[in-house]
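A.B. asks: Just the structure for this:
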Amino acid sequence: MSSMDALQNWFFWTWKIGNSSVSGTVESPAWSYQLGLQNGWMPKDASLASGSCQNANPWTPPLKSWQTGGAGAGNIPSSISASLAWPPSTISNGGAATLLPSYTPTGAVPTLPGPSFTAASGTKLTATPSVGDGWANAADTAGLMVNIAGCNYLDPWIGAANPPAPLCSAKAAKRRLEADWDDVPAPLITPPPA
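C.D. replies: Next up is the predicted model:
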């Protein structure tokens, strides 16, 4: 209800997610409005969401200049920016950030192949255009964030669930990476399409 209210009744939900052909169950139940209605986690009357956030009209016009990108937009006072260290040491109501699951930027970055061109029937192809390699920023060489080998992770498609134990937190990940550094694959730069 709060999500619906916060989005001012502009929300999207998939009506029905079908059963998986492998498991025979709905693999992403949090996206199925019909399943939510049947199991009681979605409201029967979405119009009742209005006011759930205790503010019936958070956008009171006219908007100020800084709210629309004008004067003052993007300026964070230094007294506030000094307290916004990244990564944060703690997360409100979430505990120490070092307890969150960690990942490693060592995966191959997937790229889409460029289109191939053929000459129309009866014509001759005189030049082959360069379509690039599917990567927009050649200076971006960071690997894809992937699971650390041997770590346990939550299933991102199922909402609240019992977490596997132990989770691979930043501290655990560091220990595991130091112990298994030789097992971590090097980043892979994908070749341009043929």
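
A.B. asks: Which parts of this structure are helices?
C.D. replies: Counting by DSSP state H, one finds helices in the chain at the ranges 2-6, 33-39, 78-81, 170-179.

A.B. asks: Break this protein down into its domains, please.
C.D. replies: The record's domain parsing of the chain by automatic domain parsing lists 2-49, 143-153+162-184.

A.B. asks: Could you tell me the least trusted of these?
C.D. replies: Ranked by mean pLDDT, those end with domain 143-153+162-184 at the bottom, a mean of 67.

A.B. asks: hmm, what's the outermost residue in the chain?
C.D. replies: For the chain, the residue at maximal distance from the C-alpha centroid (CA atoms, centre = their mean) is residue 122, at 47.9 Å.

A.B. asks: Could you tell me how far that one is located from residue 116?
C.D. replies: 19 Å (CB to CB, to the nearest Å). C-beta coordinates here come from the backbone N, C-alpha and C atoms, glycine included.

A.B. asks: now do residue 98
C.D. replies: To residue 116, residue 98 is 48 Å away according to CB to CB.

A.B. asks: Setting aside sequence neighbours, what's the nearest residue to residue 87?
C.D. replies: Nearest non-adjacent residue to residue 87, counting by CB to CB, 6 or more residues apart in numbering: residue 97, 5.6 Å away.

A.B. asks: looking at it, the one you found is touching residue 85, isn't it?
C.D. replies: No: if you go by CB atoms under 8 Å, residue 97 and residue 85 don't touch, sitting 10.3 Å apart.

A.B. asks: So for those two, which sits in the more crowded spot?
C.D. replies: Set residue 97 next to residue 85 and count neighbours by other CB atoms under 10 Å: residue 97 wins out with 15 against 8.

A.B. asks: Report the contact partners of the more buried one.
C.D. replies: 87, 88, 89, 90, 91, 170 (CB atoms under 8 Å, 6 or more residues apart in numbering).

A.B. asks: Strands along the protein, start to end?
C.D. replies: When assigned using DSSP state E, the strands of the chain occupy the ranges 90-91, 95-96, 104-107, 144-146.

A.B. asks: Nothing else from me, thank you.
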